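Undergrad: sequence and predicted structure below; questions after.
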Amino acid sequence: MDVFGDAVFDYQQGAYTEDILTYSSLDEEDVIPIPYLFRDFKTMPDLEQKALQLCKGNVLDIGCGAGSHSLYLQKKKFKVTALDSSKGAIETCLLRGIENCVHSDIMDFDKNQFDTLLLLMNGIGLAGELKNLSGFLSHLKKLLKPKGQILLDSSDIIYMFDEDEDGGRWLPASDKYYGEVSFTMSYKGNKSKPFPWLYLDQNTLQRAANANLFNCKIVSLGEHFDYLARLTL
């Protein structure tokens, strides 16, 4: 079931009537406003704007969604490929005029090498769980040209846990990394299967990058525990 793809495709076709609902393992319910997925550059967060300005050469937009980042880059004359595992998302990108689109899971994609790999809207979350992060980065490395770069944003979700009097945080008694979250999406009565999503604090990203022989630089900090990072070989 392609809940996300159905939602963005409906919006593109002028059939927007409701938004995507999300439910997480942190007992959080939230809404993804579908119009936000079709935003232009001026209404993107500062971190996304900065990432797009840092793009160079041939770009692979991983987890492109409705294609707003790819569309901006294409208009700026970049050679950009929009990739997503959602069929509906890719159909939407094609309808929006994005020329190079690929329907694939990133771990199954091994065509070509790129100057920039773009992982926005916490695209590193596609790794799913911390134990998969090293293999995920190793695969991305194969898609990079020798002087290429990975641009990604993520958030340290430590703020979601209760704070004690000393400023520490109460984390659940578990062997799991606290940034591992399970999500379910719902749209027009259809519900997705639960899927894992990974949020990374800066230190954990830095260690994983170093272990995979990447240089990791925090380019910019957001307003709420989020950040933009640049990985280079």
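TA: Nice, thanks for sending it over.

Undergrad: what about the helices in this protein?
TA: Counting by DSSP state H, one finds helices in the chain at the ranges 3-12, 46-54, 68-75, 87-95, 133-142, 202-211.

Undergrad: I'd like those as a markdown table, with mean pLDDT appended.
TA: Shown next, in a markdown table, are those (pLDDT from 0 to 100):
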| stretch | mean pLDDT |
| --- | --- |
| helix 3-12 | 98 |
| helix 46-54 | 98 |
| helix 68-75 | 98 |
| helix 87-95 | 98 |
| helix 133-142 | 98 |
| helix 202-211 | 96 |
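
Undergrad: go through those and name the closest to residue 117.
TA: Comparing the helices of the chain by their distance to residue 117 (Cβ to Cβ), the top pick is helix 133-142, with 5.7 Å. Glycine gets a C-beta too; all of them are placed from N, C-alpha and C.

Undergrad: give me the buried stretch members for the closest one, please.
TA: By neighbour count on 16 or more other Cβ atoms under 10 Å, the buried set for helix 133-142 is 133, 136-137, 139-141.

Undergrad: returning to that earlier point: out of the helices of the chain, which comes closest to residue 26?
TA: helix 202-211 (17.6 Å).

Undergrad: which strands and helices lie in contact with the closest one?
TA: If you count contacts as 3 or more Cβ pairs under 8 Å, 6 or more residues apart in numbering; DSSP states H and E, helix 202-211 packs onto helix 133-142, strand 215-221, strand 226-232.

Undergrad: got the contact list for it?
TA: Around helix 202-211, the neighbours that count as contacts under Cβ atoms under 8 Å, 6 or more residues apart in numbering are 124, 130, 133-134, 137, 154, 156, 177, 179, 200, 215-216, 218, 227, 229, 231.

Undergrad: got the angle for that helix vs strand 226-232?
TA: 10 degrees (axes from the mean of the first three to the mean of the last three Cα atoms, to 10 degrees).

Undergrad: pull out the buried positions in stretch 107-114.
TA: Buried-residue list, stretch 107-114, by 16+ other Cβ under 10 Å: 109, 114.

Undergrad: how distant is it from the center of its chain?
TA: The gap between where stretch 107-114 is centred and where its chain is centred comes out at 17 Å by Cα atoms, centre = their mean, to the nearest Å.

Undergrad: ends of it, what's the gap?
TA: Stretch 107-114 has an end-to-end distance of 15 Å (Cα to Cα, to the nearest Å).
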